[in-house]
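Asker: predicted structure and sequence below. I'll ask about it afterward.
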Amino acid sequence: MPVSLPPRGRGTASNPHNRYAPTQIIASDDGWYQEVPPSRATEVRAETAKTLITRNQSPDLPFDCSINPYRGCEHGCIYCYARPSHAYWDLSPGIDFETRLIAKTNAAAVLEQQLSKPGYQCAPINLGSNTDPYQPIDREHRLTRQVLEVLLRYRHPVTIVTKGSLILRDLDLLTELAQMNLVSVYISLTTLDDELKRILEPRAAAPSARLRAIRVLRQHGIPVGVLCSPMIPMINDMELERLLESAKKAGAQSANYMLLRLPREVAPLFEEWLQAHHPQRAEHVLSLIRQSRGGELYDSRFGTRFRGEGAFADLLEQRFAVALRRFGLARRQPHSLDCSRFAPPGGQLSLL
């Protein structure tokens, strides 16, 4: 049976049942498949959110609070660890995750309500921890800009993670936040190979566009780091040093990386992607992943899930450490964000 290729501009052709579905329908190939897969349009459903700020207690994350204006992500990255979250909405982690999206249309209003509550304790909020805040649909919906406008008005610190060059649209807000030490941006840079980007992250910005975003943000005084994430054995790990060098030349101040994570439904989707695009390399890639994950394709344990363990993971960490020193990059942004400026509009100012 031929391996199914994804529709144009999408990461996967599959739409596996989510793990909560009470019934399943199994399609059978009768030989009448299409040589050229059809395109699939993006659908966006509005959601009225009750809360916006999500809290976590993970020791692996450098933040406790996060905001995601969207559910699902049009970038379609085949490796995305957030794909399984679509099952909570009775949607598939497969192509549904890329095409059947949910926009929290009242995001800014709900955020304002939460920040105005008596007793709210200010701590940096991460924007884009689950899905990309600057995915293509934000050109129309502009929810990310609305959220930033609220954060600026409240003088609230924010960190942003994105692989979307659309972030340059909000230079005015980011520049003002940076002048008060209220923002840090992290650009996800996975490969410098346009062809690999096309099949790995179909609707994300091109590598050159992400490097340009780093350059422009730094020219406007905005702190910028780079995330080489994920590092995939035998797919893009050989680019690690070149990614860090290119990011440094563009102006990045800090860098970090993560080893590929394949939770729940992501593992079979990634295996299918390997068979479609790198069939001769597939078993080697999966073997190295298992060697780094205690014999499995995924290890959810805190402390090891981002880095892995074993010979390959240890060598990747050593290469990263050497490259940081070589290119003069820090592991973290050099300055922590300022929480002391937080001031709800119209609220009582401190006398101290």
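Answerer: Arrived safely, thanks for sending. As the structure is a prediction and not an experimental result, all values here were calculated from the model.
Asker: from memory T54 sits against C65, does it?
Answerer: Yes: at 7.0 Å, T54 counts as touching C65 under the criterion of C-beta atoms under 8 Å. C-beta: built from backbone N, CA, C; applies to glycine.
Asker: more neighbours, the two?
Answerer: C65 (18 against 14; other C-beta atoms under 10 Å).
Asker: pretty sure that one is touching A123, no?
Answerer: Yes: contact criterion C-beta under 8 Å: C65 and A123 qualify, at 5.8 Å.
Asker: all helices of this protein, in order?
Answerer: Ranges of helices in the chain, per DSSP state H, are 95-99, 107-116, 138-141, 143-153, 171-179, 194-200, 207-219, 240-250, 266-277, 282-292, 311-327.
Asker: E47: which of the ones you listed is closest?
Answerer: Checking the helices of the chain against E47 by C-beta to C-beta gives helix 107-116 as the closest, at 9.3 Å.
Asker: give the contact list for the nearest residue to F342 once chain neighbours are set aside.
Answerer: Once flanking residues are discounted, F342 sits nearest to C122: 3.8 Å by C-beta to C-beta, 6 or more residues apart in numbering. By C-beta atoms under 8 Å, 6 or more residues apart in numbering, the residues touching C122 are H156, P157, C339, F342.
Asker: now the residues you listed as TSV including neighbour count, distance to D237 and pLDDT?
Answerer: Shown next, in TSV, are the contacts of C122 (neighbours: other C-beta atoms under 10 Å; distance: C-beta to C-beta, whole Å; pLDDT from 0 to 100):
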residue	neighbour count	distance to D237	pLDDT
H156	25	37	97
P157	22	33	97
C339	15	37	95
F342	18	41	96
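Asker: how about those in JSON lines, adding distance to Y257?
Answerer: Listed next are the contacts of C122 as JSON lines, based on distance: C-beta to C-beta, whole Å:
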{"residue": "H156", "distance to Y257": "28"}
{"residue": "P157", "distance to Y257": "24"}
{"residue": "C339", "distance to Y257": "27"}
{"residue": "F342", "distance to Y257": "32"}
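Asker: out of the residues you listed, which comes closest to W273?
Answerer: P157 (36.9 Å).
Asker: just checking, that closest one touches D338?
Answerer: Yes: if you go by C-beta under 8 Å, P157 and D338 touch, sitting 6.3 Å apart.
Asker: what do these two both touch?
Answerer: Shared contacts of P157 and D338, counting by C-beta under 8 Å, 6+ apart, come down to N181, L182.
Asker: return the helix or strand in the protein with minimum mean pLDDT.
Answerer: In the chain, no helix or strand scores lower on mean pLDDT, DSSP states H and E than strand 54-55, which sits at a mean of 90.
Asker: need the contact partners of it.
Answerer: By C-beta under 8 Å, 6+ apart, strand 54-55 touches D64, C65, S66, I67, N68, S129.
Asker: pretty sure the third one sits against L127.
Answerer: Yes: because the distance of 7.3 Å satisfies C-beta under 8 Å, S66 is recorded as touching L127.
Asker: which one of these two has more residues nearby?
Answerer: Using other C-beta under 10 Å, the more surrounded residue of S66 and L127 is L127, with 24 against 20.
Asker: what residues does the more buried one make contact with?
Answerer: Contacts for L127 (C-beta under 8 Å, 6+ apart) come out as S66, I67, N68, P133, T144, V147, L148, V158, T159, I160, V161.
Asker: so which of the residues you listed comes closest to M180?
Answerer: Closest to M180, out of all of those and judged by C-beta to C-beta, is V158, at 11.3 Å.
Asker: from V183, how far out is the residue nearest to F342?
Answerer: Applying C-beta to C-beta, to the nearest Å, the value for C122 to V183 is 14 Å.
Asker: out of the helices of the chain, which gets nearest to A82?
Answerer: Closest among these, once you apply C-beta to C-beta, is helix 95-99, at 7.8 Å.
Asker: hmm, who's touching that closest one?
Answerer: 6-7, 10-15, 40-43, 72-76, 80, 82-83, 86, 91, 203.
Asker: ok, W273 - contacts?
Answerer: G11, T12, I78, I199.
Asker: pretty sure the third one is touching R198, no?
Answerer: Looking back up the chat, that one is I78. No: judged on C-beta under 8 Å, I78 makes no contact with R198 at a distance of 11.5 Å.
Asker: residue ranges with poor pLDDT in this protein?
Answerer: Per-residue confidence for the chain (pLDDT under 70) gives these ranges: 1-4, 13, 15-39, 334, 346-352.
Asker: let's go with 50 and repeat that
Answerer: By pLDDT under 50, the low-scoring segments of the chain are 1, 33-36, 350-352.
Asker: biggest strand in it by residues?
Answerer: Longest strand of the chain, by residue count under DSSP state E: strand 224-231.
Asker: against L111, how distant is the closest residue in space to K104 that isn't next to it in sequence?
Answerer: Nearest residue to K104, sequence neighbours excluded (C-beta to C-beta, 6+ apart): A49, at 4.2 Å. Separation of A49 from L111 (C-beta to C-beta): 9 Å.
Asker: state the distance from the closest residue to I199 other than its chain neighbours to L115.
Answerer: Nearest residue to I199, sequence neighbours excluded (C-beta to C-beta, 6+ apart): H277, at 5.4 Å. Counting by C-beta to C-beta, the separation of H277 from L115 is 44 Å.
Asker: between these two, who's got more neighbours?
Answerer: Between H277 and L115, L115 has the larger neighbour count (other C-beta under 10 Å), namely 21 against 18.
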